[in-house]
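> Below is the sequence, then the predicted model.
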Amino acid sequence: MAYVYEYLVFLAQAVTVVAAMLIVIFAAASLAAKKRSETMGHLEVTRLNDHLDSLRQCIEQAVLPAGEFKKAAKAAAKKRKQQRRQGPEENGRPGRVFALAFKGDMQASRVKGLRHEINAILSEAREGDEVVARVESPGGLAHSYGLAASQLLRVREKNLNLVVAVDKVAASGGYLMAAVANRLIAAPFAVVGSIGVVAQVPNVHRLLKKKDVDVELITAGKYKRTLTVFGENTQEGREKFTDELEDLHALFQEFVVDKRPGLDLEKVATGEAWFGQRALDLNLVDEIMTSDEYLMQRCADTDVYEIRWKEPKRPLEKMLAQVENSIGRMTGRLFGR
């Protein structure tokens, strides 16, 4: 067994060295990123009506006789030209729809792009317009998703109708965002919830103690550090950490019930998640529908624009984002499962 133990020690040392190297690389990349302009990137705007027209024309071209297809294409082009020349008020079409997508990771790193997208929409939106946000997230860091939810809240504060659509999953921090909506729709098997908080902190104190390694942790303030990775954790520290999680959970519940006052927190704030239809029964969502179905309905009666902030990402940044996600899973205080 001795060689197995030595191998495990060697493996732990190797992992530590690799982690240290990644941390150094990450720090260097972060410094470089700060030097780059925050506005690096561009906004892409796509009129979804045109995209759907293009898809329909492809089918029509395949199934209609040549003469009928040309006639239909000419009529459709004339109609589009007339609608673009006139405003929504003149052609009887209701306010415009601006669609955006948020695919969240542990750090809710897409919040930067979300901020740019919402800034752009609010600079142009007028009374009667609507924002549709497609949210997909398994949850993540509490403060990051709190900021993401606040960005969506800006839409409601401007008296614009906010629809959030969940096609796959909006768990914990993802649901914190989704709950902001005036109307919340979900696909039948979308995972909705949980309204819960989880945290985990690895501790290697006993391993270090076996190797006669001391860790000195010096703090100012009784609860400056409750649980640590390297030091010996105390029962008092655990209890304080638990109190902080409970307080965060209470804030989570207060925020959600303020936006969805019909919720029964005794039933839904248990850390569980539900599929779409079950979530509808619990009033976690308002309607069962996919985002595609909803946006196609809106395209039939108004102009729908997809707003997307695009920012170039270098290969090194992609790798570091993955490493950061892994570290966040081990050490972060999370809205997640």
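Right, received. Where do you want to start?
> low-confidence ranges in the protein?
1-15, 17-39, 80-93, 313-337 (pLDDT under 70).
> Can you point out the buried residues in stretch 253-265?
For stretch 253-265, a neighbour-count test (16 or more other Cβ atoms under 10 Å) marks 253, 255, 256, 257, 259, 260, 263 as buried. (Each C-beta comes from the backbone N, C-alpha and C, glycine too.)
> quick one: the fourth one and residue 263 touch, right?
Yes: in this structure residue 257 lies within contact range of residue 263 using Cβ atoms under 8 Å: 5.3 Å.
> Could you dump the buried residues of stretch 253-265 into JSON lines with secondary structure added?
Below are the buried residues of stretch 253-265 laid out as JSON lines (DSSP: H, G, I helix; E, B strand; the rest coil):
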{"residue": "253", "secondary structure": "helix"}
{"residue": "255", "secondary structure": "helix"}
{"residue": "256", "secondary structure": "helix"}
{"residue": "257", "secondary structure": "helix"}
{"residue": "259", "secondary structure": "helix"}
{"residue": "260", "secondary structure": "coil"}
{"residue": "263", "secondary structure": "coil"}
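> Out of those, the closest to residue 149 would be?
residue 255 (7.4 Å; Cβ to Cβ).
> show me the contacts for the nearest residue to the closest one once chain neighbours are set aside.
Counting by Cβ to Cβ, 6 or more residues apart in numbering, residue 255 lies nearest to residue 176, which is 6.6 Å off, once chain neighbours are set aside. By Cβ atoms under 8 Å, 6 or more residues apart in numbering, residue 176 lies in contact with 145, 146, 148, 149, 252, 255, 256, 335.
> Out of these, grab the one that's most surrounded.
Taking other Cβ atoms under 10 Å as the neighbour criterion, residue 335 ranks highest of the contacts of residue 176 with 32 neighbours.
> nearest to residue 58, of the contacts of residue 176?
Using Cβ to Cβ, the contacts of residue 176 come closest to residue 58 at residue 148, 36.4 Å.
> just so I have it, where are all the strands in the stretch 201-337 of the chain?
Applying DSSP state E, counting those that start in this stretch to the stretch 201-337 of the chain gives strands spanning 273-275, 287-288, 304-310, 333-336.
> how about those in JSON lines, adding distance to residue 243?
Listed next are the strands of the stretch 201-337 of the chain as JSON lines, based on distance: least, Cβ to Cβ, whole Å:
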{"stretch": "strand 273-275", "distance to residue 243": "25"}
{"stretch": "strand 287-288", "distance to residue 243": "38"}
{"stretch": "strand 304-310", "distance to residue 243": "39"}
{"stretch": "strand 333-336", "distance to residue 243": "13"}
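> quick one on the thing from earlier: what is the three-state secondary structure of the residue nearest to residue 255?
helix.
> how much space between it and residue 236?
For residue 176, the distance to residue 236 equals 30 Å [Cβ to Cβ, to the nearest Å].
> all helices for the protein, in order.
For the chain, helices defined by DSSP state H occupy the ranges 2-35, 48-63, 66-85, 111-124, 142-157, 173-178, 205-210, 235-259, 265-268, 276-281, 291-301, 315-331.
> Point out the other helices and strands that the fifth one packs with.
Right, helix 142-157. helix 111-124, strand 161-166, helix 173-178, helix 235-259, strand 333-336 (3 or more Cβ pairs under 8 Å, 6 or more residues apart in numbering; DSSP states H and E).
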